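> build me a model from this:
(2 chains)
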Amino acid sequence: MAVQVQKEAFDVGAEVNCFTAGCKDAGAVVSFTGIVRNNADGTLQRMQIEHYPGMTEKALAGIEAQARDRWPLQDVLIIHRHGDLAPGEVIMMVATASKHRMAAFEAAEFLMDYLKSRAPFWKQEFTAQGSDWVAAKDVDEDALKRW
Amino acid sequence: MIDVLYFAWVRERIGLPREQVETSAATVADLVEELRSREERYAAAFADLSALRVAIDQELTEFDAPLDGAREVAFFPPMTGG
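Residues are numbered from 1 along each chain as shown, chains lettered A, B, ... in the order given. Below is the predicted model of the structure:
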């Protein structure tokens, strides 16, 4: 079990390999990687991610605990960055391990849906014109209703 | 004394990330009313509560929640992680 909130970049491949190596009884590992997307005009210079130290770690651990209650998971990994990021950089990842793929896939989707709307992170986009806080989307809030 | 924290554009509008507030407010909504009446920048930040979220002692809660025993209250816009 691991929740990591960090400024530093991380190696997704190395994290997934390490996670997989630690899950001897699993038959399936699913991972998701979130990347800084450029804006529609391709003018994004950087993204800044603010978070609430203390609450962030608690919220992520709580979301992980909910996932473990719902699916038979061998292990869960959540890594989320904060601070300055450039377009194309990895922001975050989740990985889930289970005996069978269905639980691993579903739990990864659940973690992502909750993490987007219930973990205290805020994205701010910077272009040559200035900065804008990214607005939460209704579709992200609606995504929670399916669970 | 309660530690009041602000994040994202709430922090920008109010102009500081945290402050200590001496209050006898019974609920979060009462605290918001006290802050609103202080200065225009607070009134601006708290103009539309439907655009805000609140946490007491690092747990998400509602604006009608009691402040009884709270050490830390945080105000912020809907979260945009992932």
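> how far away is the residue nearest in space to the middle of chain B from residue B:8?
The centroid of chain B falls nearest to residue B:75 when counting by C-alpha atoms, centre = their mean (3.7 Å). To residue B:8, residue B:75 is 10 Å away according to C-beta to C-beta, to the nearest Å. For every residue, glycine as well, the C-beta is placed using N, CA and C.
> cool, and residue A:31?
From residue A:31 to residue B:8 the distance is 28 Å (C-beta to C-beta).
> between these two, who's got more neighbours?
Taking other C-beta atoms under 10 Å in any protein chain shown, residue A:31 and residue B:8 do not tie; residue B:8 has more neighbours (23 against 18).
> in the biggest helix by length in chain A, what counts as buried?
Using DSSP state H, we find that the single longest helix of chain A is helix A:101-118. The neighbour-count check on helix A:101-118 (16 or more other C-beta atoms under 10 Å in any protein chain shown) flags A:103-118 as buried.
> contacts for it?
A:26-32, A:34, A:59-60, A:63-64, A:66-67, A:70-73, A:76, A:78, A:80, A:92, A:94-98, A:136, A:140-141, A:143-144, A:146-147, B:60, B:78-82 (C-beta atoms under 8 Å, 6 or more residues apart in numbering or on different chains).
> which helices and strands sit right next to the helix or strand hosting residue B:34?
Here residue B:34, judged by DSSP states H and E, is contained in helix B:28-36. Applying 3 or more C-beta pairs under 8 Å, 6 or more residues apart in numbering or on different chains; DSSP states H and E, one finds that helix B:28-36 contacts strand B:2-6, strand B:18-21, helix B:40-45.
> residues in chain B within reach of chain A, list them.
B:5, B:7-9, B:55, B:58-60, B:74, B:76-82 (C-beta under 8 Å from any C-beta of the partner chain).
> where does residue B:11 fall, secondary structure wise?
helix B:8-14.
> my bad, residue A:76
Residue A:76 belongs to strand A:73-81 when assigned by DSSP H and E.
> by contact count, what packs against that strand?
Counting by 3+ C-beta pairs under 8 Å, 6+ apart, strand A:73-81 packs on strand A:2-6, helix A:12-21, helix A:55-70, strand A:90-98, helix A:101-118.
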